[in-house]
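> Dropping a prediction and its sequence here:
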Amino acid sequence: MLWLTTMPVGAPKAEDLAPWACHSARTRGRRHPEADAPTRTAFQRDRDRIVHSTAFRRLVYKTQVFLNHEGDLFRTRLTHSLEVAQLGRSMARALGLNEDLVEAIALAHDLGHTPFGHAGQDALNACMAGHGGFEHNLQSLRVVDHLEQRYPQYDGLNLCFETREGILKHCSRANAERLEALEPGGVARRFLDRTQPGLEAQLCNLADEIAYNAHDIDDGVRSGLLSLDQLDDVPLFDHHRRDTLADFPGLQGRRLLYETIRRMLSAQIYDVIEATQAALQAAEPDSVNAVRRLPPLLRFSPAMRESSSALKRFLFANLYRHPQVVETTGQAQTVVRELFDAYLNDPSQLKPGSTGQPSGPRAVADYIAGMTDRFAAREHARLTGRQMLG
Ligand code: MG
């Protein structure tokens, strides 16, 4: 333990990154200036702030595809975010990118999701029509910029520009104009200029897609809504299942499923690394600002892009639109809609026990969006007297 007491507390070790990476020492900074931390880089600090946030802890009880009460082993938003971070970090390392930034973006990318997955978001968006709408990416940024209240000097987590840039993955033109007016030259600017974010942000988008395509097959089969035979229709899955069976004849059931998914994941990761390395070699960006002006460089090969799209189409047709999923989706939308109406009609029901809270449609949307699945169901039962969803 001697080193613990003798190790000097100095500046964090310089990062050994490629020129196209986001170097923490060159961050565009925080909205409220802060002194550097003695032992952590700016992006490590962002990652730590996200892990300690309230919104992050709530992800454990938020639906990814299967509602939280449907089973203990399905992915939740939390385990999904951890898988995105794992896949993202392993690609980042091979590409000379900033792993800490990738991890921060990946862990925060779904913080703005409503309870009940996309059903909840669609219902809340419909409730907010005429009040600026509701969009989960924008909400993730709102969580880290405003809604987390943990620091004495400011609202939000005061994250670095590059982390916020990665969190705001999509943005409508109208929302981008509104954000740009509040923060000129800020994270929304690229949606007006049609430029790209840094490679770490681009990487998280692909890691997200790779993660959910793979784990939704796993959860789909686990739930019984998808069968292994149906997956014959998915070329990427079928290819790796045949390869697996060539190596392990007679393998079946969950071990066959896991090994096939493992090989699919590896093939996609290596494909992204190879295709992106080729794009980087051709474009030779010498900085993250050069990256931002170029077309997206983080990519699948054209063949893997098609394979991934085919897998996504399969999941849409056979899992996300499965009658059983659609039925719970309908119930989830009713819960969100009725919660929204109840709070709007009687703001005293909003965060009972607290005073001086903001009211109005946006405050109601923020409150509902922050709920876990089970809290939303409990609140709905309390306010309407009807028990739905677990
Ligand atoms: Mg995601």
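That came in fine, so what should we check first?
> which bits of the stretch 201-350 of the chain sit near the ion?
Contacts of the stretch 201-350 of the chain with the ion, taken as CB under 5 Å from the ion, map to residue 208. Glycine gets a C-beta too; all of them are placed from N, C-alpha and C.
> Quick check: the residue of the stretch 201-350 of the chain nearest the ion.
Closest approach between the stretch 201-350 of the chain and the ion, counting by CB to the ion: residue 208, at 4.3 Å.
> What's the local residue count around that residue?
21 (other CB atoms under 10 Å).
> In what element of secondary structure is it found?
helix 199-223 (DSSP states H and E).
> Mind giving me the packing neighbours of that helix?
Helix 199-223 sits against helix 77-94, helix 99-108, helix 161-167, helix 253-283, helix 302-315, with contacts defined as 3 or more CB pairs under 8 Å, 6 or more residues apart in numbering; DSSP states H and E.
> Kindly recompute the last result at 6 Å.
If you count contacts as 3 or more CB pairs under 6 Å, 6 or more residues apart in numbering; DSSP states H and E, helix 199-223 packs onto helix 77-94, helix 99-108, helix 161-167, helix 253-283.
> Point out the most buried one among those.
helix 99-108 (a mean of 29; mean count of other CB atoms under 10 Å).
> What residues sit buried inside the helix or strand following it?
Going down the chain from helix 99-108, the next helix or strand is helix 117-127, by DSSP H and E. Under the neighbour-count criterion of 16 or more other CB atoms under 10 Å, helix 117-127 has 117, 118, 119, 120, 121, 122, 123, 124, 125, 127 buried.
> Stretch 195-209 now?
Result for stretch 195-209 [16+ other CB under 10 Å]: buried residues 196-209.
> among these, which two are most distant?
Spanning the widest gap among those are 198 and 209, at 17.9 Å by CB to CB.
> could the helices and strands packed on helix 199-223 be laid out in TSV, adding mean pLDDT and distance to residue 325?
Converted to TSV, the helices and strands packed on helix 199-223 look like this (pLDDT from 0 to 100; distance: least, CB to CB, whole Å):
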stretch	mean pLDDT	distance to residue 325
helix 77-94	96	16
helix 99-108	98	25
helix 161-167	98	27
helix 253-283	97	20
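> Residue 131 is nearest to which of these?
Once the helices and strands packed on helix 199-223 are compared by CB to CB, helix 161-167 is nearest, at 22.3 Å.
> Averaged pLDDT, the helix or strand following that closest one. What do you get?
Counting by DSSP H and E, the element after helix 161-167 in chain order, helix or strand, is helix 173-182. Averaged across helix 173-182, the pLDDT comes to 95.
> what does helix 173-182 rub up against?
138, 188, 189, 191, 192 (CB atoms under 6 Å, 6 or more residues apart in numbering).
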